[in-house]
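Chemist: just coords:
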């Protein structure tokens, strides 16, 4: 009898851990879709397209204003970022070697 209870508890814990792992592996896109669907579900079905159009226009206006104000920084980021990648790789390799106790060349 005790084994049955222990197995039941262990299975429940394993199921909860599996559910938590599946929730943790959700991508940011899945979370955005989930948030959008829960938000749009508030409105009646015949008005959902209007809310969607308003959201698209608001996001487009925001992006346009950001690009208009900060176009130079965006261009610099696109130009400079590929040059930064080898430095970032070196930093990550060195930190990994430091924390694992290996040498950076391994």
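Modeler: Yes, it's here. Bear in mind that the values here come from a model prediction, so they are computed numbers and not experimental data.
Chemist: ranges for the helices of the chain?
Modeler: 2-24, 28-40, 48-69, 71-100 (DSSP state H).
Chemist: relative to the whole chain's centre, how far out is the first one?
Modeler: For helix 2-24, the distance from its own C-alpha centre to the chain's C-alpha centre is 27 Å (CA atoms, centre = their mean, to the nearest Å).
Chemist: and the helices of the chain as CSV, adding mean neighbour count and mean pLDDT?
Modeler: Quick note: C-beta positions are derived from backbone N, CA and C, even for glycine. Converted to CSV, the helices of the chain look like this (neighbours: other CB atoms under 10 Å; pLDDT from 0 to 100):
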stretch, mean neighbour count, mean pLDDT
helix 2-24, 9, 74
helix 28-40, 10, 84
helix 48-69, 11, 88
helix 71-100, 10, 78
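Chemist: neighbours around residue 41, how many?
Modeler: 9 (other CB atoms under 10 Å).
Chemist: give me the phi and psi for it.
Modeler: Note on residue 41: its backbone torsions stand at phi -70, psi -20 [degrees, to the nearest 10].
Chemist: and the gap between it and residue 7?
Modeler: For residue 41, the distance to residue 7 (CB to CB, to the nearest Å) stands at 40 Å.
Chemist: and what of residue 97?
Modeler: As for residue 97, its distance to residue 7 is 44 Å (criterion: CB to CB).
Chemist: now swap in residue 65 and tell me
Modeler: In this structure, residue 65 lies at 59 Å from residue 7, with CB to CB as the measure.
Chemist: how does the chain divide into domains?
Modeler: Listed domain ranges for the chain are 1-42, 44-105 (source: the TED database).
Chemist: surely residue 40 touches residue 49?
Modeler: No - contact status for residue 40 versus residue 49: not in contact, 9.5 Å apart, counting by CB atoms under 8 Å.
Chemist: which ones are touching residue 64?
Modeler: By CB atoms under 8 Å, 6 or more residues apart in numbering, the contact list for residue 64 is empty.
Chemist: centre-most residue in this protein?
Modeler: The C-alpha lying nearest the average C-alpha coordinate of the chain belongs to residue 28 (CA atoms, centre = their mean; 3.3 Å).
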